[in-house]
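Asks: Here is my input; please provide its structure:
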Amino acid sequence: GLYLDASFGRGAYSAELLARAPRGSKLLVAVGEGQADPAAVASARGFLDRAVPAGAAEEGRCTVAGVLPRSLGDVGEALAGQELAGALVDLGAAFLPPGAASADDLLRAFSPLADAPLDLRADRQRGVPASQWLASATVEELSWVLHAYGEDDDPLSALRLAEVILDHQRLNGPYRSVSKLADVVRKAKPATEDKGIHPAKLVLQALRIFVNGELEQL
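Replies: Purely as a prediction, here's the structure:
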């Protein structure tokens, strides 16, 4: 069968797939972050050349079908109707943009404790920052985002939280930082801290998913 590794990183998972996939299988690797990245492709190909032993094809072992210099969102086009026997995808890293310093940098910027602009976009060349969207959002729009993407099963709870967030914005001006929004949410939902989860974590998750269109890319 055909297997896809869309979380190549340093190649550890690809190496395991090459070693363990059924006889006659092929491995397709997707590297790059939204655009062609010759260095990433060359590095991946070099690693895979070393990982596949000489004579692997003749022995019926898993071989490399190709290395795609593109993001997960474009893999479907490359497959051209072929069915996958399996796929390995890091859904966080899959949405990193070209030029992002690292996944760690983005995760720090998305943290409720981050003293960073309330942007939340992975690719700052696309879309609008979360702060800009919030500045014009209605209570209904924000409550829908919180309910749909923030793992809030209670639509009334999402509605009340949206009202608190937007009431504060109306009185104090647009949110400029992640930490300011997180502080407002923490005061509105202090009980969740008892569970070891920052109250704003799921709010930021919901906004991040929305402004990046993450589920649409899937």
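
Asks: for the longest helix that the chain contains, which positions count as buried?
Replies: Identified as the longest helix of the chain according to DSSP state H is helix 155-172. Applying a neighbour-count criterion of 16 or more other CB atoms under 10 Å, one finds Ala158, Leu159, Arg160, Leu161, Ala162, Ile165, Leu166, His168, Gln169 buried in helix 155-172. From N, CA and C alone the C-beta is placed, and that goes for glycine too.

Asks: Could you list every helix and strand that it packs against?
Replies: helix 130-136, helix 139-149, helix 178-188 (3 or more CB pairs under 8 Å, 6 or more residues apart in numbering; DSSP states H and E).

Asks: Show the average pLDDT along it.
Replies: For helix 155-172, mean pLDDT rounds to 97.

Asks: by how many degrees do that helix and helix 139-149 diverge?
Replies: Using axes from the mean of the first three to the mean of the last three CA atoms, to 10 degrees, the inter-axis angle of helix 155-172 relative to helix 139-149 is 130 degrees.

Asks: Format the CA atom coordinates belonging to helix 155-172 as CSV.
Replies: Extracted C-alpha coordinates of helix 155-172, given in CSV (Å, rounded to 0.1, in the frame of the first residue of the first chain):
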residue,chain,number,x,y,z
PRO,A,155,-23.9,27.1,23.9
LEU,A,156,-25.2,29.3,26.8
SER,A,157,-21.9,29.2,28.5
ALA,A,158,-20.2,30.1,25.3
LEU,A,159,-22.7,33.0,24.8
ARG,A,160,-22.1,34.3,28.4
LEU,A,161,-18.3,34.2,27.9
ALA,A,162,-18.6,36.0,24.5
GLU,A,163,-20.6,38.7,26.2
VAL,A,164,-17.9,39.2,28.9
ILE,A,165,-15.1,39.3,26.3
LEU,A,166,-16.9,41.8,24.1
ASP,A,167,-18.2,44.0,27.0
HIS,A,168,-14.7,44.4,28.2
GLN,A,169,-13.6,45.3,24.7
ARG,A,170,-16.4,47.9,24.3
LEU,A,171,-15.3,49.6,27.6
ASN,A,172,-11.6,49.4,27.2
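
Asks: follow-up on the earlier one: now render the buried residues of helix 155-172 as TSV, adding distance to His198.
Replies: Shown next, in TSV, are these (distance: CB to CB, whole Å):
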residue	distance to His198
Ala158	17
Leu159	21
Arg160	19
Leu161	14
Ala162	18
Ile165	15
Leu166	20
His168	18
Gln169	20
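
Asks: Out of those, flag the one nearest to Lys201.
Replies: Using CB to CB, Leu161 comes nearest to Lys201 of these, at 13.0 Å.

Asks: Can you tell me how far the closest one is from Ser143?
Replies: Noted for Leu161: a distance of 7 Å to Ser143, by CB to CB, to the nearest Å.

Asks: On the three-state scheme, Val128 is what?
Replies: Counting by DSSP: H, G, I helix; E, B strand; the rest coil, the backbone at Val128 sits in coil.

Asks: Show me how the record splits the chain into domains.
Replies: Per automatic domain parsing, the structural domains of the chain span 2-90, 103-217.

Asks: Check those for me: which has the lowest mean pLDDT.
Replies: With a mean of 78, domain 2-90 has the lowest mean pLDDT of the domains of the chain.

Asks: Just list the residues touching Arg10, thanks.
Replies: Phe47 (CB atoms under 8 Å, 6 or more residues apart in numbering).

Asks: Residues contacting stretch 149-164, please?
Replies: With contact meaning CB under 8 Å, 6+ apart, stretch 149-164 is reached by 139-140, 142-144, 146-147, 184-185, 188-189, 202-203, 205-207, 209-210, 215.
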